[in-house]
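>>> Turn this into a structure:
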Amino acid sequence: MRAKIHIETVKTWILTVLVLFSVVLSFKLWYSVPVYEAVDSSGYVGGTAWGPGKTVTQVLQPTRILVHLGDGRHAVILPDSDPYHMTRDLLRKATVSEFTPVTWSESVWESTVTKRSIEYDYGIEVQAQYLAQTLSLPSGMFNSLKARSLYLMYDADGNMRLLLKGDTAAYWAKVQIPADSLLEIWNMAGKLPLYALYGDAKHAYYLPSDKMKVPVDTYERNVFNTTQLMSSFFVDPSLTRRIAERDGSVILTDGSRGVQFSSSTKMIDYTNPSTDLYTTGEEMDHSLEKAIEFVNDHGGMEGTYLAVDGSMQRDITSSYLFRSYINGLPMDDSYFSIRVKMRGNIVFEMVRSVVYPGVLVKREDAYVLSGPALLDSLRKRGITNTTITDISLCYVPEYAEKDRFLLRPVWFIQRKGESPVHVDAVSGELWADNGGWLHGLE
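Predicted coordinates for the structure are as follows:
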């Protein structure tokens, strides 16, 4: 009997010890904090523009220029090419006057794409103050004028007109352009690869009529000095603390703003949650300049970057995506792009990669599928024209070898009510993620 009582006593003590041990561990787990230490200011880099900077004019260029030749023939002119600079500079020779509002309709759109005309497409709505840097606009007129697309075309009397189309309004204008300059454009465009138009006024896209040659480049893999880049966001390094999280990511914060670096995605994410949406007290006119200045001060933009619309949220007032272009083709939005969200004229968030292309190592040529061949390949996979809203050619980076990657051309297909898909532009095969296109670059 005594032995039994003794055993029960021992079990009770053991159970008590285990409960106490569990409480201690739970307490330590609950109240433990990540490693939190002051940042060594010896590596601090101030707020100077230590990366390659851009101006508003440099990033606010057409993402593409279309030359409509009539008879169903079209030329697509991409950035960073001689035809692009030649056609873009045609606008600088134009003198514009007498703006007249016009109602945008499908019939107006059809008149621009079925007849001879030149179309300049921008990634964002361009304000009049920026248009005036390209076009000779009447001073003091239409300060609220905005345009996402510009069309140079002939009216019924054979006179050249300018059509400016914004998201909510459109205008006709008289325009004077040297006749010999226009003739040069028509002759030049007629020698370029021809494209065909698909879709309608709401969802129009252009595909090459025949196979088209594009470069497939291999680059060295460059990486920002992460410590310097993260430190550049703070004025006083003595007030900055470093937090090393359990997943391997690192956060720098001064108590009001924070910068997080993810070791898995190689992305930098800056946030300023203290920015008050309703008390910024500034107009929106300078948000684009402020966004570009901020990017210039924190890594800059290496190579060609163009501004396109970013995704909007309820707690921000404007959003910009600065998209990387190489050989005239855009990079897929997931790679090398810089996203900036604004509250008024103050940056609320910026997300960018610390990886970017370095020295060009090798260049090869590949031939991408023609439009008919691509659409036939898609039909065999159950993707028909009726579900497609847009098709565009872009690059995605693919691991080549140590510290190098190549840029693979892919067709990016957007669909109604469906997730977008990527198709290898050369083979027509659906692009398999396989753990991420940057697999092997981490």
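
>>> What are the buried residues along the helix or strand encompassing Trp172?
Using DSSP states H and E, Trp172 sits within strand 170-176. For strand 170-176, a neighbour-count test (16 or more other Cβ atoms under 10 Å) marks Ala170, Tyr171, Trp172, Ala173, Val175 as buried. For every residue, glycine as well, the C-beta is placed using N, CA and C.

>>> Show me the protein divided up by domain.
Here the domain parsing of the chain from automatic domain parsing is 61-197, 221-357.

>>> Export those domains as CSV, with columns for distance to Ser392 and mean pLDDT.
What follows is those, written out as CSV (distance: least, Cβ to Cβ, whole Å; pLDDT from 0 to 100):
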stretch, distance to Ser392, mean pLDDT
domain 61-197, 9, 90
domain 221-357, 7, 85
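
>>> Need the ones you listed in JSON lines (columns: distance to Lys54).
Below are the domains of the chain laid out as JSON lines (distance: least, Cβ to Cβ, whole Å):
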{"stretch": "domain 61-197", "distance to Lys54": "11"}
{"stretch": "domain 221-357", "distance to Lys54": "5"}
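
>>> Against which helices or strands is the helix or strand hosting Trp411 packed?
According to DSSP H and E, Trp411 maps onto strand 404-415. Packed against strand 404-415, as judged by 3 or more Cβ pairs under 8 Å, 6 or more residues apart in numbering; DSSP states H and E, are the following elements: strand 212-223, strand 355-368, strand 388-401, strand 418-424.

>>> ok, the strand holding Trp172: who's next to it in the sheet?
Here strand 170-176 is paired, per DSSP bridges, with strand 95-102 (antiparallel), strand 160-165 (antiparallel).

>>> got the contact list for the residue positioned nearest the centre of the chain?
Nearest to the mean C-alpha position of the chain, by Cα atoms, centre = their mean, lies Arg323 at 3.3 Å. When contacts are counted by Cβ atoms under 8 Å, 6 or more residues apart in numbering, Arg323 touches Thr63, Gly123, Tyr305, Leu306, Ala307, Val308, Pro330, Met331, Asp333, Ser337.

>>> Quote the end-to-end distance of stretch 217-233.
33 Å (Cα to Cα, to the nearest Å).

>>> List the buried residues in it.
Counting neighbours by 16+ other Cβ under 10 Å, the buried set in stretch 217-233 is Asp217, Thr218, Tyr219, Arg221, Phe224, Thr227, Leu229, Met230, Ser231, Ser232, Phe233.

>>> related to what we said a few turns ago, got JSON lines for the contacts of Arg323, with neighbour count too?
Formatted as JSON lines, the contacts of Arg323 follow (neighbours: other Cβ atoms under 10 Å):
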{"residue": "Thr63", "neighbour count": "18"}
{"residue": "Gly123", "neighbour count": "22"}
{"residue": "Tyr305", "neighbour count": "24"}
{"residue": "Leu306", "neighbour count": "23"}
{"residue": "Ala307", "neighbour count": "25"}
{"residue": "Val308", "neighbour count": "17"}
{"residue": "Pro330", "neighbour count": "24"}
{"residue": "Met331", "neighbour count": "20"}
{"residue": "Asp333", "neighbour count": "16"}
{"residue": "Ser337", "neighbour count": "19"}
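
>>> so what pLDDT did Thr386 get?
For Thr386, the pLDDT comes out at 86.

>>> re earlier: tilt between the strand holding Trp411 and strand 418-424?
Orientation check (axes from the mean of the first three to the mean of the last three Cα atoms, to 10 degrees): strand 404-415 against strand 418-424 gives 140 degrees.

>>> Quick one: work out the angle between strand 404-415 and strand 212-223.
Going by the same axes, to 10 degrees, strand 404-415 makes 120 degrees with strand 212-223.

>>> From the chain's centroid, how far away is the helix or strand harbouring Tyr120?
Secondary-structure assignment from DSSP H and E places Tyr120 in strand 117-127. Relative to the centre of its chain, strand 117-127 is centred 16 Å away, using Cα atoms, centre = their mean, to the nearest Å.

>>> buried sites along that strand?
Buried residues in strand 117-127, counted by 16+ other Cβ under 10 Å: Ser117, Ile118, Glu119, Tyr120, Tyr122, Gly123, Ile124, Val126, Gln127.

>>> can you map out the helices along the stretch 201-350 of the chain?
226-231, 287-297 (DSSP state H, counting those that start in this stretch).

>>> and of the buried residues of strand 117-127, the nearest to Trp186?
Using Cβ to Cβ, Ile118 is the member of these that lies nearest Trp186, at 9.1 Å.

>>> just to revisit the earlier point, what element comes up after the strand holding Trp172 heading to the C-terminus?
helix 179-189.

>>> helices and strands around that next one, which ones?
Here helix 179-189 touches strand 64-70, helix 82-88, going by 3+ Cβ pairs under 8 Å, 6+ apart.

>>> Quick one: closest of the ones you listed to Thr253.
Within those, the stretch nearest Thr253 is strand 64-70; the backing value is 40.9 Å (Cβ to Cβ).

>>> Not counting the helix or strand following that closest one itself, show me its contacts.
Sequence-wise, the next helix or strand downstream of strand 64-70 (DSSP H and E) is strand 73-77. The contact list for strand 73-77 (Cβ under 8 Å, 6+ apart) reads 64-69, 83-84, 87, 113, 189-190, 192-197, 206.

>>> show me the contacts for Glu286.
Actually, residue 286 is His. It isn't Glu. Neighbouring residues of His286 by Cβ under 8 Å, 6+ apart: Asn345.

>>> Let me see the contact set for the residue lying closest to Lys211 once chain neighbours are set aside.
Of all residues not flanking Lys211 in the chain, Tyr367 sits nearest, at 4.4 Å (Cβ to Cβ, 6 or more residues apart in numbering). Tyr367 makes contacts with Lys211, Met212, Lys213, Val214, Val426, as judged by Cβ under 8 Å, 6+ apart.

>>> Identify the bridge partners of the second one.
This points to Met212. Beta-bridge partners for Met212, by DSSP bridges, are Val368.

>>> That one reaches Leu192, doesn't it?
No: using Cβ atoms under 8 Å, Met212 makes no contact with Leu192, being 10.2 Å away.

>>> Just the endpoints, please. Distance across stretch 235-247?
Start-to-end span of stretch 235-247 (Cα to Cα) is 28 Å.

>>> Numbering from 13 from now on, please.
Happy to do that; since the first residue is 13 now, the last one works out to stretch 247-259.

>>> The closest residue to Ala181 other than its chain neighbours: what's it in contact with?
Closest residue to Ala181 apart from its sequence neighbours, by Cβ to Cβ, 6+ apart: Pro113 at 6.7 Å. Contacts for Pro113 (Cβ under 8 Å, 6+ apart) come out as Ala181, Ala182, Tyr183, Trp184.

>>> Now do the first one against His97, distance only.
It stands for Ala181. Distance of Ala181 to His97, computed by Cβ to Cβ, to the nearest Å: 29 Å.
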